[in-house]
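Novice: Next come a sequence and a model predicted from it.
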Amino acid sequence: MNGPELSVIIPTLNRGRLFHDTVRQVLTQRFPSFDLWLIDQSDPDQRAVNEALVTTLNDPRVHYLHLDVKGLPNARNEGLARAKGRIVLFLDDDVILLDDAFLDAHVRAYDDPTIGGVTGRIVERSVRPNAKDTAAHISAGGRTITNMWGTERRTIESCKGANMSYRRAAIDQIGGFDRRYTGTALLEDTDFSYRVRAAGWTLLYDPACELVHLSAPSGGVRVADALRGETWRFRNTAYFVLKHRGRRAFPRFLSTFGAIAAARAARWRDPSALVTLSAAVRAGVADWKAGPDETIPER
């Protein structure tokens, strides 16, 4: 086999020390055959610090790329264009690996040839489950349903971006992540997972692939403005529903998110929020009409 068994891709944006800690933890894993791609979108000051880290590590497994254009799906696609592993693992830049066999657990899950993607147990620092059992999917109304705290292996509808891997053969079959998902509340991981399943692959939740997700309040795609965060959620969900479920599913989404918009406007005592969120939905519709942008750059 040419290249490593596993490629690890970590996109980062102005994350600082947490990103550095994540990188060092990956490098201490006992799995013997992997390379690590750091896709940096940070501003100049943080970029310089990250480049210094790579120099200090002086590890041939580490590859660094800086992108001037910010965007998580695009960063992941740039990593995919370079990664050579039979399996590709994506991690967020603010996670803690709980076992030095974490990488090995991901790779072993692919002993079953029907498995196209694997996600693991994610212990969230701030996000709480909204489902009783292990779950990751989008409801009929467009709500994100998630519980990644389960302790038993099972099939699942979607992998989660903080801790997900895919078989290269599945990636080659469906293409890259969709750059139409922008801002926060991206849904690009769910979109990608749904496409892998539509291509005939099974997705597996394996609690042996366990980590802690710190959900750092700064850096990455975090925003302090609640309305801005909801704007991205409304836009991206509108796009997702139309792309994967079509026009017939859209009225259900409009009903659900119309109620959410009214509740948010009342809570914030800001009637203009209704106008802003309606415009976000229209932007999602425009994205759908424009079509997906899933191309992996040629290398």
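Specialist: Structure's in. What do you need?

Novice: residues touching Pro297, list them.
Specialist: Counting by C-beta atoms under 8 Å, 6 or more residues apart in numbering, Pro297 makes contact with 77-78, 81. Backbone N, C-alpha and C define where each C-beta goes, glycine included.

Novice: tell me the domain ranges of this structure?
Specialist: Domain ranges of the chain: 6-213, 226-290, per automatic domain parsing.

Novice: What's the end-to-end length of the longest one?
Specialist: Going back to what we said before, that points to domain 6-213. Domain 6-213 has an end-to-end distance of 21 Å (C-alpha to C-alpha, to the nearest Å).

Novice: For it, the averaged confidence score.
Specialist: Rounded to a whole number, the mean pLDDT of domain 6-213 is 97.

Novice: Begin at 212, not 1, for the rest of this chat.
Specialist: From this message on, residue numbering opens at 212, which makes the last subject domain 217-424.

Novice: Sketch out the helices for this protein, chain order is fine.
Specialist: 228-238, 255-268, 283-291, 313-319, 379-385, 399-409, 437-456, 461-479, 483-501 (DSSP state H).

Novice: buried ones in the fifth one?
Specialist: Which is helix 379-385. Neighbour-count burial for helix 379-385, with 16 or more other C-beta atoms under 10 Å as criterion, is recorded at 379, 381-382, 385.

Novice: for the longest one, same thing?
Specialist: Along helix 437-456, these residues count as buried under the neighbour rule (16+ other C-beta under 10 Å): 438, 440-454, 456.

Novice: quick one: average pLDDT of it?
Specialist: For helix 437-456, mean pLDDT rounds to 97.

Novice: from the contacts of Pro508, which is closest to Ala497?
Specialist: Asn288 (21.7 Å; C-beta to C-beta).

Novice: Report the buried residues of stretch 483-492.
Specialist: 484, 487-488, 491-492.

Novice: Next: stretch 459-467.
Specialist: So for stretch 459-467, counting by 16+ other C-beta under 10 Å, buried means 461, 464-465, 467.

Novice: In JSON lines, list those residues along with pLDDT and distance to Thr355.
Specialist: Conversion of the buried residues of stretch 459-467 to JSON lines gives the following (pLDDT from 0 to 100; distance: C-beta to C-beta, whole Å):
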{"residue": "Phe461", "pLDDT": "98", "distance to Thr355": "17"}
{"residue": "Phe464", "pLDDT": "98", "distance to Thr355": "13"}
{"residue": "Leu465", "pLDDT": "98", "distance to Thr355": "17"}
{"residue": "Thr467", "pLDDT": "98", "distance to Thr355": "12"}
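
Novice: Export the buried residues of helix 379-385 as CSV, with columns for distance to Leu422.
Specialist: Below are these laid out as CSV (distance: C-beta to C-beta, whole Å):
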residue, distance to Leu422
Arg379, 22
Ala381, 22
Ile382, 22
Ile385, 25
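
Novice: Might one say that Leu238 is in contact with Thr267?
Specialist: No. Look at Leu238 against Thr267 with C-beta atoms under 8 Å: they stay out of range, at 11.8 Å.

Novice: higher neighbour count, the two?
Specialist: Applying other C-beta atoms under 10 Å to Leu238 and Thr267 shows that Leu238 carries more neighbours, namely 14 against 9.

Novice: List phi and psi for the closest residue to that one other than its chain neighbours.
Specialist: Computed as C-beta to C-beta, 6 or more residues apart in numbering, the closest residue to Leu238 that is not its neighbour in sequence is Asp270, at 6.1 Å. Torsion angles at Asp270 (phi, psi; degrees, to the nearest 10) stand at phi -120, psi 120.

Novice: any idea how far Asp270 lies from Thr239?
Specialist: 11 Å (C-beta to C-beta, to the nearest Å).

Novice: swap in Ala470?
Specialist: 48 Å.

Novice: The two: which is more packed in?
Specialist: Between Ala470 and Thr239, Ala470 has the larger neighbour count (other C-beta under 10 Å), namely 11 against 8.

Novice: which neighbours does the longest strand anywhere in the chain have in its sheet, and in what orientation?
Specialist: Looking across the chain with DSSP state E, the single longest strand is strand 413-424. Pairing partners of strand 413-424, with direction, according to DSSP bridges: strand 306-308 (antiparallel), strand 326-335 (parallel), strand 365-366 (antiparallel).

Novice: What is the burial count for Gly227?
Specialist: Neighbours around Gly227, by other C-beta under 10 Å: 17.

Novice: Just to check, it is in contact with Val260?
Specialist: Yes. Using C-beta under 8 Å, Gly227 is in contact with Val260, at 7.4 Å.

Novice: Quickly note the distance from the residue most central in space within the chain to Lys500.
Specialist: Among the residues of the chain, the one closest to the centroid is Gly372, at 2.6 Å (C-alpha atoms, centre = their mean). The gap separating Gly372 from Lys500 is 26 Å, by C-beta to C-beta.

Novice: Many thanks, I have nothing further to ask.
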